[in-house]
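Undergrad: structure of the sequence below:
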Amino acid sequence: MDPNHDGKLPSPDAKSSLSPRSMTYGDGQAIILLVAERMGLSPSHLEDAMRQLRREVIHPMTGAAIEKEAMRVSNSIRHDVSLVRLANDISNEFKAKFGFVPAPYMTGEQ
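TA: Now for the predicted structure:
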């Protein structure tokens, strides 16, 4: 599954440019899984992460499973500064894509 092109994500053009969407702890954990997928780490619970980011209701135990997997993939890259930098860059793209930060902020066009 490619989290960038599943047809269910909000369109970047559909976002309001007035204010960013507030990010929850669960959203952050879900983004970590999308980042891991982009990096080729094959995380589990991707569909659950997408449901979280679409603001669908997920069971608390599903949220805990997302968190556990996010911790696992974070621990797998934390030893390598270049992987951490790559993960941070990718996460910034996803934060902009899902409206957690205004797109101009991410591109430096303030």
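
Undergrad: make it CA atoms for all contacts and neighbour counts henceforth
TA: Noted.

Undergrad: next one: the residue nearest to residue 101 when sequence neighbours are not counted from residue 93, what distance?
TA: Closest residue to residue 101 apart from its sequence neighbours, by C-alpha to C-alpha, 6 or more residues apart in numbering: residue 20 at 5.0 Å. Counting by C-alpha to C-alpha, to the nearest Å, the gap from residue 20 to residue 93 is 14 Å.

Undergrad: and if you look at residue 22?
TA: 16 Å.

Undergrad: looking at these two, which is more packed in?
TA: Just comparing residue 22 and residue 93: by other C-alpha atoms under 10 Å the higher neighbour count belongs to residue 93, 18 against 9.

Undergrad: buried stuff in the helix or strand containing the more buried one?
TA: Following DSSP states H and E, the helix or strand that holds residue 93 is helix 81-97. Residues 87, 90, 91, 92, 93, 94, 95, 96, 97 are the ones in helix 81-97 that count as buried (16 or more other C-alpha atoms under 10 Å).

Undergrad: what do you get for stretch 33-46?
TA: For stretch 33-46, by 16+ other C-alpha under 10 Å, it's 33, 34, 35, 36, 37, 38, 43, 44, 45, 46.

Undergrad: can you name the two of those that sit furthest apart?
TA: 38 and 45 (14.0 Å; C-alpha to C-alpha).

Undergrad: separation between residue 47 and residue 86?
TA: Residue 47 is 23 Å from residue 86, by C-alpha to C-alpha.

Undergrad: ugh, wrong one, I meant residue 67
TA: Per C-alpha to C-alpha, residue 67 is found 20 Å from residue 86.

Undergrad: now do the contacts for residue 70.
TA: Residue 70 sits next to 29, 30, 32, 33 when contact means C-alpha atoms under 8 Å, 6 or more residues apart in numbering.

Undergrad: what about residue 72, how many residues nearby?
TA: By other C-alpha under 10 Å, neighbour count at residue 72 equals 13.

Undergrad: having no further points to raise, I will conclude here.
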